[in-house]
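Participant: give me coordinates for this.
(one chain, ligands or ions: 2)
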Amino acid sequence: MPRLSIGPNNTPPDAVAASEPARCGYVALIGEPNSGKSTLLNRLVGHKLAIVTPKAQTTRSRLLGIAIEGATQIIYVDTPGIFAPRRRLDRAMVAAAWSGAADADEILLLVDASRGIDEDTGRILGALRERGGRSILALNKIDLVRRDRLLGLADALSRQGRFDPIFMISGLQGDGVEDIKRHLAASLPPGPWLFPDDQLSNTAERLIAAEVTREQVFLQLHDEIPYASTVETEQWADRPDGSVRIEQVIYVQRPGQRAIVLGEGGKRIKSIGARARAELEQTLDRRVHLFLFVKVRENWVEDRERFEALGLNYDT
Ligand SMILES: Nc1nc2c(ncn2[C@@H]2O[C@H](COP(=O)(O)OP(=O)(O)OP(=O)(O)O)[C@@H](O)[C@H]2O)c(=O)[nH]1
Ligand SMILES: [Mg+2]
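Facilitator: Ligands and ions are numbered 1, 2, ... in the order given. The predicted model follows:
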């Protein structure tokens, strides 16, 4: 896969530059938890960068996905779902989402068309009205909804905010996604590209690697465990044969949770490690030796260090 990190080559290719002015801008994908932001980011960029699970509150911090469309560099920002926060971690996640929106040239609000305007989306609509200005709306998951219901929902949403344009898409199946790209390519502000043309993200590989394991924790464990856990990369050693040795810690809050993550005879942790390793080899495009440890840390949700590892602001 193309590199994730920053390099020197940040001008459009000459052929493109000659015919059209370069454009560049940030587009924040916001919406309630589970509305499909990370799925859409991956599709817009054409690579799996963000983790995706059927569970709400999967994404915990912002993630850039950088794409080129003609002479335009589009910097998509995946954000955590916006909901009514309770814990410090929730507050930091929601704050990260809103600050992603505040810093962006365009806000793209995703609404899960199969859920309609529920409490969380209602609150986001209120906050956008207060903020003022226009945003882009994408009614997502249209594969799950009848067309007449979609039109009704689009109408109800446009009465509750200033949306222009409105897209109807399926991030999962791809419908409507090209229309979003085309619109952004033509409408982001003129200006030089901010990243090299082969760069996909600016997120550290250590964090992306931890996310891959966290995705498996979310997919393979249920009830409170995903929300009571976090994953950190502690060691990263490049080996002379081109492979990488990665050590990660899965933090949980109670000994009982540790026992569940390990599973009978270590079966669960083995399965988490096997899936995560396979995904990591794809993402990093090299052989990976992955070592997972499970630590009990009752109050990790109040540890500044844990927040910083996730790229979150502790003081929110
Ligand atoms: N049917 C259908 N499912 C979708 C679509 N887009 C996303 N999903 C599913 O919705 C679930 C949540 O997707 P995510 O992309 O993780 O949603 P998110 O908005 O990033 O969620 P958080 O990170 O928790 O805020 C996953 O099971 C996806 O497969 C879609 O267009 N159609
Ligand atoms: Mg997400």
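
Participant: residues near the closest residue to Ala138 other than its chain neighbours, how many?
Facilitator: The spatially closest residue to Ala138, leaving aside those adjacent along the chain, is Phe167, at 4.5 Å (C-beta to C-beta, 6 or more residues apart in numbering). From N, CA and C alone the C-beta is placed, and that goes for glycine too. Counted with other C-beta atoms under 10 Å, the neighbours of Phe167 add up to 20.

Participant: in the host helix or strand of Phe167, what counts as buried?
Facilitator: Assigned by DSSP states H and E, Phe167 belongs to strand 163-168. Neighbour counts over strand 163-168 (16 or more other C-beta atoms under 10 Å) mark Phe163, Phe167, Met168 as buried.

Participant: just checking, Leu312 touches Ala96?
Facilitator: Yes: with contact defined as C-beta atoms under 8 Å, Leu312 counts as touching Ala96 (5.9 Å).

Participant: give me the common contacts of these two.
Facilitator: Common contacts of Leu312 and Ala96, defined by C-beta atoms under 8 Å, 6 or more residues apart in numbering, comprise Arg60, Ser61.

Participant: buried residues in stretch 67-75, which are they?
Facilitator: Result for stretch 67-75 [16+ other C-beta under 10 Å]: buried residues Ala67, Ile68, Glu69, Ala71, Thr72, Gln73, Ile74, Ile75.

Participant: how near is the second one to ligand 1?
Facilitator: The span separating Ile68 from ligand 1 equals 22 Å under the rule C-beta to the nearest ligand atom, to the nearest Å.

Participant: surely that residue forms part of a strand?
Facilitator: Yes: checked against DSSP: H, G, I helix; E, B strand; the rest coil, Ile68 lies within a strand.

Participant: what's opposite it in the beta bridge?
Facilitator: Under DSSP bridges, the beta-bridge partners of Ile68 are Gln73.

Participant: and it, what pLDDT?
Facilitator: We have a pLDDT of 98 for Ile68.

Participant: that one and Asp197, how far apart?
Facilitator: 6 Å (C-beta to C-beta, to the nearest Å).

Participant: quick one: list the elements packing against the longest helix along the chain.
Facilitator: Longest helix of the chain, by residue count under DSSP state H: helix 267-284. In terms of contacts (3 or more C-beta pairs under 8 Å, 6 or more residues apart in numbering; DSSP states H and E), helix 267-284 is packed against helix 205-220, strand 244-252, helix 255-262, strand 288-296.

Participant: so which bits of the stretch 101-250 of the chain are right by ligand 2?
Facilitator: Proximity of the stretch 101-250 of the chain to ligand 2 (C-beta under 5 Å from the ion) involves no residue at all.

Participant: show me the contacts for the residue lying closest to Lys270 once chain neighbours are set aside.
Facilitator: Nearest non-adjacent residue to Lys270, counting by C-beta to C-beta, 6+ apart: Gly263, 7.7 Å away. Going by C-beta under 8 Å, 6+ apart, Gly263 touches Ile269, Lys270, Ser271.

Participant: what are the boundaries of the helices in the stretch 1-150 of the chain?
Facilitator: For the stretch 1-150 of the chain, applying DSSP state H, counting those that start in this stretch gives helices covering 14-19, 37-45, 88-102, 119-131, 147-159.

Participant: pick the most buried one from those.
Facilitator: Greatest average neighbour count among the helices of the stretch 1-150 of the chain goes to helix 37-45 (a mean of 24), per mean count of other C-beta atoms under 10 Å.

Participant: picking up where we left off before, how near is the residue nearest to Lys270 to Arg87?
Facilitator: 26 Å.

Participant: helix or strand right after the strand holding Phe167?
Facilitator: Defined by DSSP H and E, the subsequent element after strand 163-168 is helix 177-187.

Participant: hang on, the earlier thing: ok and the strand holding Phe167 relative to helix 147-159, angle-wise?
Facilitator: Angle between the axes of strand 163-168 and helix 147-159 is 160 degrees (criterion: axes from the mean of the first three to the mean of the last three C-alpha atoms, to 10 degrees).

Participant: close to ligand 1, is strand 163-168?
Facilitator: No: using C-beta under 6 Å from any ligand atom, strand 163-168 never reaches ligand 1; the gap is at least 10.4 Å.

Participant: now that strand, how far from the chain's geometric center?
Facilitator: With C-alpha atoms, centre = their mean, to the nearest Å as the basis, strand 163-168 stands 21 Å off its chain's centre.

Participant: how about stretch 147-159?
Facilitator: Computed by C-alpha atoms, centre = their mean, the separation of stretch 147-159 from the middle of its chain amounts to 26 Å.

Participant: packing partners for the strand holding Phe167?
Facilitator: Looks like strand 163-168 contacts strand 135-140, helix 147-159, helix 177-187 (3+ C-beta pairs under 8 Å, 6+ apart).
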